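Enquirer: can't give you the sequence, but here's the structure:
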């Protein structure tokens, strides 16, 4: 278990999240992929804090709290989309275009 | 040696369950696979000498976020009671983009100097608590404001506006009205 290994694992998880975000069309499934990506970022924070020191764990705690806020607002938006269209396919949200 | 085996197991479990998260056709299954990924991350945190974060990860992510997500999936079922199939579209473009990003990240990691000497002493939970309320106090308070704003925002967004339901000028119709139409 080296720093490079941890970061490679995080990159892999982040890329999987990006793949899911690009291919999923259900709003809830896209939120799940965002969770994966944020989790990957947290792994990098914690591994740097372990191997090099510094306030990485504090960053990870803040990132965690922000994730929870994001999920709450995201699910509220999904619920709104569902109430408006009866489905949560993200293409239905096209009226939010500027 | 044990360290390497443990890391290998954790990495394998995270990557496989993450793949199931993005590929599973059943949304509930995808959420449960996400819970497994997050639990594997919690184990990794414990191995990286961050026990507090490991606990918080289990409490907030696995206990809170995953539960919320399951609520989200169940609240947005289709009117015939089935959950919409979570299909994957634009497969090849997505695969290409993800592989390109992954290659880029791997090359960047390969070229950086990531050698580590002896690791510094682990941050204890006491130190985390002290620094949260000392040098990071402003960020901490800003975060509590952000959480308050998120709660208020979520309530405002998700509140059912009953007085608008009968208004003909508003194009929205609640699911109950739509169910009769179908």
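Expert: Everything's here; your move. Computed from a predicted model, the values in this text were never measured in an experiment.
Enquirer: hey, let's count contacts and neighbours off CA atoms from now on
Expert: OK.
Enquirer: now the helix or strand hosting residue B:129, how far from the centre of its chain.
Expert: Residue B:129 is part of helix B:125-132 when elements are defined by DSSP states H and E. With Cα atoms, centre = their mean, to the nearest Å as the basis, helix B:125-132 stands 25 Å off its chain's centre.
Enquirer: what do you get for stretch B:13-30?
Expert: Distance of stretch B:13-30 from the chain centroid (Cα atoms, centre = their mean) equals 13 Å.
Enquirer: Buried residues in it, which are they?
Expert: B:13-15, B:17-25, B:27-28, B:30 (16 or more other Cα atoms under 10 Å in any protein chain shown).
Enquirer: so what's residue 18 up against?
Expert: Answering for chain A, as no chain was given. Each residue near residue A:18 by Cα atoms under 8 Å, 6 or more residues apart in numbering or on different chains is listed here: A:33-34, A:37, B:94, B:97-98.
Enquirer: hmm, I had chain B in mind actually
Expert: A:13, A:16-17, A:36, B:33-34, B:37.
Enquirer: and of those, the nearest to residue B:157?
Expert: residue A:36 (24.7 Å; Cα to Cα).
Enquirer: my guess is the closest one contacts residue A:11, does it?
Expert: No - the criterion here is Cα atoms under 8 Å, and residue A:36 misses it with residue A:11 at 10.9 Å.
Enquirer: Settle it for me: which of the two has more neighbours?
Expert: residue A:36 (28 against 24; other Cα atoms under 10 Å in any protein chain shown).
Enquirer: Nearest spatial neighbour of the more buried one, chain-adjacent residues omitted?
Expert: residue A:17 (5.4 Å; Cα to Cα, 6 or more residues apart in numbering or on different chains).
Enquirer: Tell me which other helices or strands the helix or strand where residue B:54 lies touches.
Expert: Per DSSP H and E: residue B:54 is located in helix B:51-56. Applying 3 or more Cα pairs under 8 Å, 6 or more residues apart in numbering or on different chains; DSSP states H and E, we find helix B:51-56 packed against helix A:56-85, helix B:27-47.
Enquirer: which intervals of the chain have sub-threshold pLDDT?
Expert: Assuming you mean chain A. A:96-98 (pLDDT under 70).
Enquirer: Switch to chain B, please.
Expert: Along chain B, segments meeting pLDDT under 70 span B:78-90, B:162-182.
Enquirer: What is the burial count for residue 32?
Expert: By default, I'm working from chain A. When neighbours are counted by other Cα under 10 Å, residue A:32 registers 25.
Enquirer: meant chain B, my bad for not saying
Expert: Neighbours around residue B:32, by other Cα under 10 Å: 19.
Enquirer: do the same with residue A:87
Expert: 21.
Enquirer: which SS state does it fall under?
Expert: coil (DSSP: H, G, I helix; E, B strand; the rest coil).
Enquirer: if you skip the residues just before and after it, what's nearest to the residue most central in space within chain A?
Expert: Centroid check for chain A by Cα atoms, centre = their mean gives residue A:34 as the closest residue, at 2.4 Å. For residue A:34, ignoring the flanking residues on the chain, the nearest one in space by Cα to Cα, 6+ apart is residue A:17 at 6.4 Å.
Enquirer: From residue A:26, how far off is that neighbour?
Expert: 14 Å (Cα to Cα, to the nearest Å).
Enquirer: Please apply the same query to residue B:131.
Expert: According to Cα to Cα, residue B:131 stands 40 Å off from residue A:26.
Enquirer: of these two, who's got more company?
Expert: A side-by-side neighbour count of residue B:131 and residue A:26, using other Cα under 10 Å, places residue A:26 first with 21 against 14.
Enquirer: And the contacts of the helix or strand containing residue B:67?
Expert: Residue B:67 belongs to helix B:66-75 when assigned by DSSP H and E. With contacts defined as Cα under 8 Å, 6+ apart, helix B:66-75 is touched by A:28, A:72, A:75, A:78-79, B:27-28, B:31-32, B:34-35, B:83.
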